[in-house]
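Student: Structural data only, the sequence is not supplied:
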Ligand SMILES: [Zn+2]
């Protein structure tokens, strides 16, 4: 399976690094930009490498049909997610976390966002003690992304690392995107 890493995020002093594939980033960008006046989001799927110190997000899902949202809130539904996750298990890929958009806003986690990630980290049905959260802040046709990891009850915001190890960084894959600031 062709897999192209387009961005990587890491934190000073933290053990974890998060890499996003082109597929995952493209879906987040498309969905976030298409939802102009309401938040949207889905889950992140991928795998851990390097003894769990590297998370590779290989896919992001669209908003499940039973999700609900408003200008500044998003309640992700469940519909169809189990089937999507099951299809990935044979490839050694699992639930890694959540993504959602902030239409017309900065990709900064809100207190509700942090609370949501805390409850996922202690919910045994997710089997994901260190969930990843990606927020896509949109402005017109441009997008900024933040990546955070919940570790020991604290949300740790990662910084972009360019270029990612072992692959070229090619931002031209997203025509017209103005990736700047946080990303
Ligand atoms: Zn939010």
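Tutor: Everything's here; your move. Not measured: the values here are computed from a predicted model.

Student: so the residue of the chain found nearest the ion, which of the three states?
Tutor: The ion sits closest to residue 113 of the chain, with a gap of 4.1 Å, by Cβ to the ion. In this view, the C-beta of every residue, glycine as well, is placed from N, C-alpha and C. Going by DSSP: H, G, I helix; E, B strand; the rest coil, the secondary structure assigned to residue 113 is helix.

Student: nearest spatial neighbour of it, skipping sequence neighbours?
Tutor: Nearest non-adjacent residue to residue 113, counting by Cβ to Cβ, 6 or more residues apart in numbering: residue 133, 6.6 Å away.

Student: Secondary structure element holding the one you found?
Tutor: Take DSSP states H and E as the rule and residue 133 turns out to sit in strand 132-139.

Student: Am I right that residue 116 falls within a strand?
Tutor: No - under three-state DSSP, residue 116 falls outside any strand and is assigned helix.

Student: Can you give me the distance of it to residue 72?
Tutor: Residue 116 is 14 Å from residue 72, where distance means Cβ to Cβ, to the nearest Å.

Student: who has more neighbours, the two?
Tutor: Using other Cβ atoms under 10 Å as the criterion, residue 116 and residue 72 rank with residue 116 on top: 20 against 13.
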